[in-house]
Every structure is written in structure tokens, then in C-alpha cells.
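Visitor: Here is a sequence with its predicted model. Questions after.
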There are 2 protein chains.
Amino acid sequence: MNSPLHPASGTSSPPPARLGRVQRLMAQQGVEVMVCFKPENSFYLSGFNPIIYSHPVIAIVAAGRDPIMLVHALRDDHGRASAWVADIRLYGAWSNKVTLGPNWLDALASILRELGVAAGRVGIEEDFLPLRRFAQLKQALPQATFSDVSPLIEQARLIKDADEIAQARIAARIADCGMAAAVEATADGGSEREISIASMEAMNRLWLRHYPQVEVCDFGSLEGGVQNGLWTWALAGDRLFYNCDNPTLRKPRRGETVAVFIWSIANGIHAENERIIACGPLPAEHRRAIDAILTIRAEVDALIRPGTPYRELFEQVKSRLEARGYGNYIPGRIGHGIGIGAHEHSSLDARSPLVLEPGMIFTFEPNLRIPGVGGTQISDTVLITDTGREYLTQSPGGYIEV
Amino acid sequence: MNSPLHPASGTSSPPPARLGRVQRLMAQQGVEVMVCFKPENSFYLSGFNPIIYSHPVIAIVAAGRDPIMLVHALRDDHGRASAWVADIRLYGAWSNKVTLGPNWLDALASILRELGVAAGRVGIEEDFLPLRRFAQLKQALPQATFSDVSPLIEQARLIKDADEIAQARIAARIADCGMAAAVEATADGGSEREISIASMEAMNRLWLRHYPQVEVCDFGSLEGGVQNGLWTWALAGDRLFYNCDNPTLRKPRRGETVAVFIWSIANGIHAENERIIACGPLPAEHRRAIDAILTIRAEVDALIRPGTPYRELFEQVKSRLEARGYGNYIPGRIGHGIGIGAHEHSSLDARSPLVLEPGMIFTFEPNLRIPGVGGTQISDTVLITDTGREYLTQSPGGYIEV
């Protein structure tokens, strides 16, 4: 194919700040080059999500130079139109494209030889790389030694760059729109599934009208890509105790709650927005639990700022829950990192060694599950700023009754 | 939590036929037990998809007995309500649940000791198992030897069981509904994105009205689950050469095509339905390519039956394309396996050693990409029956012009 879509016209832009963070961490760890296969990570270091990963996309990051993206020749035009990486190399056979070799392995080995690091310390993702692919790598790079860079990339991903924060804001706007539609569908007497579908339709319609340049594809399994990642699920009554399940035709009864969970995505960056909706007045004990969470959220809000340890935020929530008699129901964590992953690895919990820093984005979601009484489900996506925090999701956050 | 949702009331049913296939292949390979972590495979051998996989679901299959499903205690009620496996074991800590150990590793080791296979030949998925998890397994099972069962499971998954075929029919009905909506939105002058959204809305509305017992969640990455896998994308004009991309606001012009791609899912089983729609009369060379594909599909149809080698079906299409002057544009394959994966591993190509057998489901999609002319995109989901084939997707398959 003679590049019928986009000639190699340089749609690429300067590498974002994360490249410097990653390279500094690589230098500390003594890694000369890293080869990233995990779709989330190769996207992080190239800007390209082909949606279907039957042929791997490999981000190759070496010290002191911009990344190289290695893709199958059939993804050349698409990759050039999407990636911020300028140096795109090809493998495989496709039309008249000139490639580095018949498969990714030969091409990768030749690139590492060109960079002079084929006998060096090569970073790999031990939390993702399957045994079979690692065996191939070892065979193609017999002189290399390998070093796990999964924690290094997780650390780099904790701080979001300006481009990522901009996309998170868009994802949050879409999620807010989905929540408004979900509340309305609940007020109209909808089932879990009706609430979810109305919410997803509203998000897609907003995407259609307002975000022409935004993609909403997500990162799937290796057996199938994810074309559309604007999702809502709703759990009526005690079904909240499942935490995650496909919505059913169950309608909330009067005096029950519906928990609405929304995950949205904009150009590879997620937002999360969760609310619990009372259908008419709740039994006093259930109402008291929701009010407790709302009060505690307001009380600890001033601590959500640079310098607060994750575990202090957790302990402040925990002690307030204990003071209100909920000591038997302390959650394992009260939030998690979010970004390219809907659930990134960091947790706001008792064991975290992390401290809040500007540019971090996480979900803030202290919640309760009380058997025989009910639960709460309120989550916002929060950005740490230079002086405090900014709620990216902005749906009404108080007690909601329809 | 005192199982507020579903007591252990035995919603499980007898194990499907695939268990026997898997156990026969294990015996041939000398594998005493296999431990499956890949979400697609643990679902295949248990019936449970928790959507979020932050805590692994492990299917443990040993010779001569039904599978064991090992899940985190917080998934106990949900797992019991979903799985066909009756023997469900727990790990982790959650409310008052009794578990086998604080983490999956201790629990798994204790189960393998109980089964008397902790020092045996243990099957693992080398195409999926990350290095880090394998290192943990080796440490927990110091006496075991390990054997790759990825090909074994791929082989078992080639033949679909009655329950899987029933779900594939539902997925195909949903995809057909999505295609009808996409054709209508194209006739109405929609953009790629309008066509895609109209189609996804129609599929979700059909799911809401007609399939109360069906789940449409899919299998995501380990950083985020997939709540809704009813997806359409549309590519106008030369954008077809990308094959997969998120839909844009581009509208097909008169004399161009729009290709519509639909992936649907019902209770974990996929269908694929793809059509190319002409927007007014096409240039003669483009029209000729589509007509050629339609004619060739009709000509080789009688070969889609038990006993035909995959590669013969491919060669029959190839020789007909050559006879019509398309020898420079022979596709790499003309279809792929489909089921729990939207793209399973088998390909209808020149190298396949496989032969069509009753119960196989695959996509039939001989297509062309001709630079400067255009392409074709027609795909159906096809079941091999005892005597021939059944098209599960049944959208009008001829030349479509709006």
C-alpha cells in the first residue's frame, strides 16, 4: 500500500516530560534500554494504540535519545498518524513497505545492535511479559542481561504530564454527563440496565457532539481490542456487595439505593465517577452510613494536597470511621491511581510508602459495606495541584435522593 | 459479609463437554494438573468472569475430577451465582469468609498438595503467564515441573460446546441488529461516529428488551475490566486501509464506501459481522472488486463443511482471486477462529494444519485491499454443522448501496 492515508508528514510532536522521568529512573537502575510490550506502557511511551494487538507494538527507550516505536508494517500509516514518537520502524511484510525483518524479534534485535545495547542491560516488564515471549527474547539477544522495569514504569506513571491531565479533564466531563443521565434514569424508575444504557448513550452523544479529536478506545486483552470504553454499570440494593457485575433488569425498590459506577476514557486516559442514589427515604442506619461518608469526605478534604502521605489520608478516614462506630467495616483502601489504567497500581491504604505530589491523579472513594444495612459508593477522580487538589469529576456530590 | 446475595445454593450445572476434551489432551501430554490464570481460559473452565481481575481467578483442572475455581473471598457470592463449577475455594481476607490462605499462592499450593500433584507435572499458560507470576509459582511449588498448556487449551477451544453455540447465536442476533442500524444511519448521511453510535445503541436496546439473562461484559486488560462489549466501528473511504481505528466525524462522500465492523458478545461468546456499504454508485474498479468477493464467497460456500482443510478453503479463494486478476492482493488469511476471543488463534490460511469439524466457529472473510481503488470488508460468523455450515450472522450479504 502506497501510504494512501497519511504520508510520513511528521504529525509527531516533542516528547512529553515523562520521557525524562523514565530515562532518569532507567539510569538509577542501570538499565541501558527498555523494551515495552504491555499495551498500556507502549502507548505511554509512543502515543499509539492500534486497538488490536495481534502484532505487538514495541516501545524501545534508550538513554539520551527519543523512543523508537516498532510496529508491523500494516500499522505504519496508522501509527504515524497517531504517535508522538517520530522514529517508527517496521517489521513483517505488507505491500511495498520496507521493513527491518520478517518478524518483530529479528527487527528488535537489529535495532538493539544499532543502538549498541544488544549485549547490555535490557529492561523488560516482568508483570506482563509472558514466558513464551521472554524465551524468544533471550534467544534473539543471547548477550543481554534482563532487568525488571515494571516498578520503574509504575513509578513514572504516578505523575501525569500536561497532555494526560488535559485528557483526564475531558474523560471527567464525559463521566459527569453520564452520571447526570444515570440519576435521571433512576428518577424515571429505570432498571440497572436501563440506567446503564441511558448513561452510556449520553456519554457517546457528548463525545459525538463536543470532542471530534478524541478517541474513546481502551486497552483490551490480546484476543480482542476495546473499541469503546465509555461504561456505566448500576447495582441495585444488596447487589452493591458484588462491587462489579453486568447490569440486570433488577429495579431498585423504594427505600433501596442504586450505586452507579462510571469509567470513561479520552485519548487513553481514564476518569471514574461513582455515586449512590437513594430511591425515596432510606432506613435510618443506611442513611447514617451515607451521611458519615459525606461528612468524613468533607473533613479530610483539606489533607488532599502535596506532602500528605497516602497512608495518613487513609488513617484519617479510618479513625473517623472508628469514631462513628464503623470500626468493623474499615475498607482495604480508600482510592487508587488512575490514568492509562482505570485501576493503576497505587492504593490509598495503610501500607503505602507514597506521598501526594502535584500531577498525581487518583480516585478518592472511602466507602462502607455493612451486611444487613447496605453500603455507600461515592468516588471522584482527583488531581493534586501545586497547592491543593482539583476534583476533575464534578457531579453533585452530596446526598442524592430521587 | 454473610452471603447476603446468594447462599451457596448450587446454581452450578454439570460440567460441559469441554472438560472431557481438556482432560484427554492433558493425559496425552502427561500433565497431571493445570492452573489457568488467563481470564479467557479461567472463564472457559469455570464459567465465571468477575470483569475486574485485580485478584486472579484460577481454574484448577486435574485428571478424573471436576475443576476447582480459586477466587478471592470477596468474589465468593458473585462466583457462586455465575460459575458452573461447584467446587469453589477462597483466598484472601474478607468479612467472616473462611479461606485457604492469605493469598492465592498459599491457597493454590495447599490445593495442589491436597490433590497429590504438588510434585507433579503442572500445566501453565506460557502465552500469558507473566514472568513475575511464574517466579512466584516456582517458589510455592518447589517440587513441580512445568509444562506449557497454551496449545492444548487452544486446541480444546476450537470445538464449541452446545452452551457456547447457543450464546454465539445470541451474539450474532445482536450483531445483525447493529448492522441494520448501521446501514440505516449510513443511508441517513451519518459520519463514521454517528453510524457507530446508532449501531451500538440499537444493540444495547435489543439486549435490554430481549435478553434478560445475558451478560455483555468482555475480557479486559489487567488494569481495567470491560463492562460492555457491543461495539461498532466504521471506516469511510480510504480509511478502510487502517482496518481498525476509532470512528471519526468523517462522512463518506458519494462514490465512496463505508466499512462497518461489529463485534458483539453474549455470556462470554463473540460474534463478528462486517459489511461494506456503497454510498451511491462506485467507480467501476471498486465495484468490480466487491462483486468479485461476493461471487467467490458464493462459489466456495459448498466447501465450508466438515472434512475440508482450512488451507484448501484458503487456496480455493486464492486461485479465484488470481483468475480475476487480483493475484497481487492476496490476503494473508480469509478468516479466524472466534468464541471467547473475538480473535482466537486459528487462521484460515495457507499454513494451517487444521480441518473443518462440526462445532468449529470462525469468521469467513475473504477481502481485498487495492491501493488507489479501494477495498472490501464482508465477514460472517459461521458454525460448522454435522453436514455443512450455518451462517450465524444473517444480515443481507449481497451488494449494499444506499
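Guide: Yep, that arrived.

Visitor: For the stretch 251-400 of chain A, which residues are neighbours of chain B?
Guide: A:Trp263, A:His270, A:Ile340, A:Gly341, A:Ala342, A:His343, A:Glu344, A:Arg369, A:Pro371, A:Gly372 (CB under 8 Å from any CB of the partner chain). Using the backbone N, CA and C atoms, a C-beta is placed for each residue, glycine as well.

Visitor: which of the residues you listed count as buried?
Guide: A:Trp263, A:His270, A:Ile340, A:Gly341, A:Ala342, A:His343, A:Glu344, A:Arg369, A:Pro371 (16 or more other CB atoms under 10 Å in any protein chain shown).

Visitor: Closest one to B:Leu74 out of the residues of the stretch 251-400 of chain A next to chain B, please.
Guide: Among those, A:Arg369 lies closest to B:Leu74 (CB to CB), at 9.3 Å.

Visitor: The residue lying closest to that closest one once chain neighbours are set aside - how many residues pack around it?
Guide: What sits nearest to A:Arg369 in space, not counting adjacent residues and going by CB to CB, 6 or more residues apart in numbering or on different chains, is A:Gly375, at 4.5 Å. Under the neighbour criterion other CB atoms under 10 Å in any protein chain shown, A:Gly375 is assigned a count of 23.

Visitor: For A:Gly375, give me phi and psi.
Guide: With angles defined as degrees, to the nearest 10, A:Gly375 sits at phi -140, psi -180.

Visitor: In contact with it, which residues are there?
Guide: Counting by CB atoms under 8 Å, 6 or more residues apart in numbering or on different chains, A:Gly375 makes contact with A:Leu240, A:Phe241, A:Thr257, A:Ala259, A:Ile276, A:Ala289, A:Asn367, A:Leu368, A:Arg369.

Visitor: mind listing which of the residues you listed are in helices?
Guide: Of these, the ones assigned to helices by DSSP state H are A:Ala289.

Visitor: wait, A:Ile195 sits on A:Thr186?
Guide: Yes - shown here, A:Ile195 and A:Thr186 form a contact pair, counting by CB atoms under 8 Å, at 5.6 Å.

Visitor: Now do the closest residue to A:Gly335 other than its chain neighbours against chain B, distance only.
Guide: Of all residues not flanking A:Gly335 in the chain, A:Leu348 sits nearest, at 3.9 Å (CB to CB, 6+ apart). Using CB to the nearest CB, to the nearest Å, we find A:Leu348 at a distance of 15 Å from chain B.

Visitor: Same question for A:Glu40.
Guide: 6 Å.

Visitor: and what of A:Ile111?
Guide: Applying CB to the nearest CB to A:Ile111 and chain B gives a distance of 22 Å.

Visitor: pLDDT at that residue, what is it?
Guide: Listed pLDDT for A:Ile111 reads 98.

Visitor: Report the contact partners of it.
Guide: A:Ile60, A:Ile68, A:Leu70, A:Arg89, A:Leu100.

Visitor: Quick check: next helix or strand after the strand or helix carrying it?
Guide: For A:Ile111, the host element (DSSP states H and E) is helix A:104-114. Downstream of helix A:104-114, the next assigned helix or strand under DSSP H and E is strand A:121-124.

Visitor: Are that following strand and chain B in contact anywhere?
Guide: Yes - with CB under 8 Å from any CB as the criterion, chain B is reached by strand A:121-124 at A:Ile124.

Visitor: Note down every partner strand of that strand and its orientation.
Guide: Strand pairing for strand A:121-124, determined by DSSP bridges: strand A:33-36 (parallel), strand A:145-148 (parallel).

Visitor: Could you tell me which residues of the stretch 1-150 of chain A lie near chain B?
Guide: A:1-2, A:4-5, A:39-40, A:50-52, A:54, A:74, A:77-78, A:95, A:124-132, A:134-135, A:148, A:150.

Visitor: could you redo the last one with a cut-off of 7 Å?
Guide: Contact residues, the stretch 1-150 of chain A versus chain B (CB under 7 Å from any CB of the partner chain): A:1-2, A:4-5, A:39-40, A:50-52, A:54, A:77-78, A:126-132, A:134.

Visitor: returning to what we had before: please tell me how far the residue nearest to A:Gly335 sits from A:Leu303.
Guide: 11 Å (CB to CB, to the nearest Å).

Visitor: When these two are compared, which one has more neighbours?
Guide: The neighbour comparison of A:Leu348 against A:Leu303 (other CB under 10 Å) goes to A:Leu348, with 26 against 16.

Visitor: just checking, the more buried one touches A:Phe314?
Guide: Yes - counting by CB atoms under 7 Å, A:Leu348 does reach A:Phe314; the two are 5.4 Å apart.

Visitor: before we move on, the earlier item: ranking the strands paired with strand A:121-124 by burial, who's on top?
Guide: Ranked by mean neighbour count, the strands paired with strand A:121-124 are led by strand A:33-36 with a mean of 26 (mean count of other CB atoms under 10 Å in any protein chain shown).

Visitor: who's in contact with it?
Guide: With CB atoms under 7 Å, 6 or more residues apart in numbering or on different chains as the test, strand A:33-36 has contacts from A:26, A:42, A:45, A:58-62, A:108, A:112, A:115, A:117, A:120, A:122-125, A:149.

Visitor: list the buried ones in the helix or strand encompassing A:Ala166?
Guide: Under the criterion of DSSP H and E, A:Ala166 resides in helix A:162-187. Under the neighbour-count criterion of 16+ other CB under 10 Å, helix A:162-187 has A:163-165, A:167-179, A:181-183, A:185-186 buried.

Visitor: quick revisit: list residues touching both of A:Ile195 and A:Thr186?
Guide: A:Val258.

Visitor: Show me the shaky parts of chain A.
Guide: Within chain A, the stretches with pLDDT under 70 are A:1-12.

Visitor: tell me the domain boundaries of it?
Guide: Domains of chain A are assigned by the TED database as A:17-157, A:159-401.

Visitor: I'd like these as CSV, with distance to B:Ala323 appended.
Guide: Formatted as CSV, the domains of chain A follow (distance: least, CB to CB, whole Å):
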stretch, distance to B:Ala323
domain A:17-157, 22
domain A:159-401, 34
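
Visitor: Go through those and name the closest to B:Cys217.
Guide: Taking CB to CB, domain A:159-401 is the member of the domains of chain A nearest to B:Cys217, at 4.7 Å.

Visitor: Neighbours of the residue lying closest to A:Ser13 once chain neighbours are set aside, how many?
Guide: Leaving aside its sequence neighbours, A:Ser13 sits nearest to A:Trp84 (CB to CB, 6+ apart; 4.9 Å). Close neighbours of A:Trp84, defined as other CB under 10 Å, add up to 19.

Visitor: tell me, what's touching A:Leu348 and A:Leu303 both at once?
Guide: Joint contacts of A:Leu348 and A:Leu303 (CB under 7 Å, 6+ apart) are A:Leu313.

Visitor: returning to what we had before: among the contacts of A:Ile111, which pair sits farthest apart?
Guide: Every pair of the contacts of A:Ile111 checked by CB to CB; the farthest is A:Ile60 and A:Leu100, at 11.7 Å.

Visitor: So if I had to pick from those two, which one is more boxed in?
Guide: Taking neighbours as other CB under 10 Å, A:Ile60 and A:Leu100 compare with A:Ile60 leading, 25 against 19.

Visitor: ok, which stretches of the stretch 201-350 of chain A are helices?
Guide: Ranges of helices in the stretch 201-350 of chain A, per DSSP state H, counting those that start in this stretch, are A:284-300, A:310-323.

Visitor: quick check, A:Ile361 in a strand?
Guide: Yes - A:Ile361: assigned to a strand according to DSSP: H, G, I helix; E, B strand; the rest coil.

Visitor: distance of the nearest residue to A:Tyr211 once chain neighbours are set aside from B:Arg253?
Guide: Using CB to CB, 6+ apart and skipping the chain neighbours, the partner closest in space to A:Tyr211 is A:Ile170 (6.2 Å). Going from A:Ile170 to B:Arg253 by CB to CB gives 29 Å.
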